[in-house]
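Q: Please find the sequence and the predicted model below.
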Amino acid sequence: MKLPGIHISLPVIFVLWCGGAYLAGMTPLLLYPAMWMAVGLVFLALGAVLKGKPAAPAKSQQGT
């Protein structure tokens, strides 16, 4: 049995968490996945902005 990929599992967990918190009447629990979604969006945005920019090569200080 092959497990689903992380791109499938995370949205399912997110929806189940939010649905369970809503049904239980525990709205503060909804802030936790919202925070991680915001962190994920920041990383996606940074990845898109920095995608084409290679890192500068390290300068060695040999032979001085």
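A: Alright, I've got the coordinates.
Q: any idea which helix or strand carries the most centrally placed residue in the chain?
A: Among the residues of the chain, the one closest to the centroid is Gly40, at 3.0 Å (Cα atoms, centre = their mean). Element membership of Gly40, judged by DSSP states H and E, is helix 31-50.
Q: For that helix, enumerate the helices and strands it packs against.
A: Counting contacts by 3 or more Cβ pairs under 8 Å, 6 or more residues apart in numbering; DSSP states H and E, helix 31-50 packs against helix 6-24. (C-beta placed from N, C-alpha, C; glycine too.)
Q: averaged over its residues, what pLDDT does the helix it packs on have?
A: Taken as a whole, helix 6-24 carries a mean pLDDT of 80.
Q: buried stuff in it?
A: Buried residues in helix 6-24, counting neighbours by 16 or more other Cβ atoms under 10 Å, are found at Ala21.
Q: Give me the angle between it and helix 31-50.
A: Helix 6-24 and helix 31-50 meet at an angle of 150 degrees, taking axes from the mean of the first three to the mean of the last three Cα atoms, to 10 degrees as the criterion.
Q: From the chain's centroid, how far away is helix 6-24?
A: If you compare the mean C-alpha spot of helix 6-24 with that of the full chain, they lie 15 Å apart, counting by Cα atoms, centre = their mean, to the nearest Å.
Q: What is the neighbour count of the nearest residue to Tyr22 once chain neighbours are set aside?
A: Leaving aside its chain neighbours, Tyr22 sits nearest to Leu30 (7.0 Å; criterion: Cβ to Cβ, 6 or more residues apart in numbering). When neighbours are counted by other Cβ atoms under 10 Å, Leu30 registers 13.
Q: All good on my end, thank you.
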